[in-house]
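Enquirer: here you go, sequence then predicted model.
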Amino acid sequence: MKRGKVKRPIPWIEPPERECNDPNCPFHGTLPVRGVLLEGTVVSIKMNRTAVVRHDYLHYVPKYKRYERRNKKIHAHLPPCLDIKEGDKVIIGECRPLAKTVAFVILTKK
């Protein structure tokens, strides 16, 4: 890929201002984003280039005809060109498996 050319994996998501040389960056590398897009809150960024994102969702219980709140912690790759801190709301996208537990990448801060 040419220097200075920035990909847009999702058309409505703006690429970051900073540039990086991470091959697993969806904007400056070659990582394709496909599948689901999820919204969540960053819980931890203690791992190297990996963040833990808490995804909250509603699950329908047919017996009681009501919804219950559930959550799931998802490990997501954090490209160095994004400024993300704990507590930020982010959008993550599904990608190919990058590690045993990492199959998502952080796309943008919401």
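Expert: In hand now; what should we look at?
Enquirer: contacts, neighbours, all on C-alpha from now
Expert: Will do.
Enquirer: next SSE after the helix or strand encompassing Gly40?
Expert: Using DSSP states H and E, Gly40 maps to strand 33-47. Downstream of strand 33-47, the next assigned helix or strand under DSSP H and E is strand 50-61.
Enquirer: and after that next one, which helix or strand comes next?
Expert: Past strand 50-61, the next helix or strand by DSSP H and E is strand 66-77.
Enquirer: helices and strands around that next one, which ones?
Expert: strand 50-61, strand 102-109 (3 or more CA pairs under 8 Å, 6 or more residues apart in numbering; DSSP states H and E).
Enquirer: in its sheet, what does the strand holding Gly40 sit against?
Expert: strand 50-61 (antiparallel), strand 89-95 (antiparallel) (DSSP bridges).
Enquirer: who's in contact with the last one?
Expert: Which is strand 89-95. Residues outside strand 89-95 that contact it (CA atoms under 8 Å, 6 or more residues apart in numbering): 31-42, 76, 103-110.
Enquirer: and the residues you listed, which of them are buried?
Expert: 31-33, 37-42, 76, 103-109 (16 or more other CA atoms under 10 Å).
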